[in-house]
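Asks: structure, please.
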Amino acid sequence: MKKIAVITPSKLPIPAIEGGAIETLTTYLLEENEKTGDFEFTILNRYTDEIQIKYSYVEMKNYVPKVTDKMIDFICKARCKFSHYKQPFNSTYLMWVCKILKNKK
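Replies: Numbers count the residues shown, from 1 in each chain. Next up is the predicted model:
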């Protein structure tokens, strides 16, 4: 079974109960995969509410930011905006995603 990781950029939930193009496409992929079972999905999501997952081939991981994470993101955004150098912005969400993907094979 092949593994696929989906990293969502927005705060909308998967499955797509509130809409969203990426969320709708991902929901469609998950529903089609339930018929065949060829892939194992890992969904890395910013959405913090717990949603009932009805898919058997899906592992859902939700990012819940701490207060310190929000402060770090704010400081990094401000530094990038006001600096003369073009610095890439690494959010705490992206660092969390990298940590999870590094631990998975």
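Asks: for this structure, which spans come out with low pLDDT?
Replies: 47-52, 84-89 (pLDDT under 70).
Asks: how about the strands in it?
Replies: For the chain, the strands defined by DSSP state E occupy 2-7, 39-45, 58-62.
Asks: closest to residue 24 out of the ones you listed?
Replies: strand 2-7 (12.6 Å; C-beta to C-beta). All C-beta atoms are positioned from the backbone trio N, CA, C, and that covers glycine.
Asks: who's in contact with the closest one?
Replies: 14, 26, 38-44, 97, 101, 104 (C-beta atoms under 8 Å, 6 or more residues apart in numbering).
Asks: filter the residues you listed down to the buried ones and hand me the ChimeraX line.
Replies: Burial among the contacts of strand 2-7 is assessed by 16 or more other C-beta atoms under 10 Å; the matching ChimeraX selection reads:
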select :14,26,41,42,43,44,97
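Asks: now do the helices in this structure.
Replies: 21-36, 67-82, 92-103 (DSSP state H).
Asks: and the angle for the second one with helix 92-103?
Replies: Taking axes from the mean of the first three to the mean of the last three C-alpha atoms, to 10 degrees, one finds that helix 67-82 is oriented at 110 degrees with respect to helix 92-103.
Asks: which strands or helices does helix 67-82 pack on?
Replies: helix 92-103 (3 or more C-beta pairs under 8 Å, 6 or more residues apart in numbering; DSSP states H and E).
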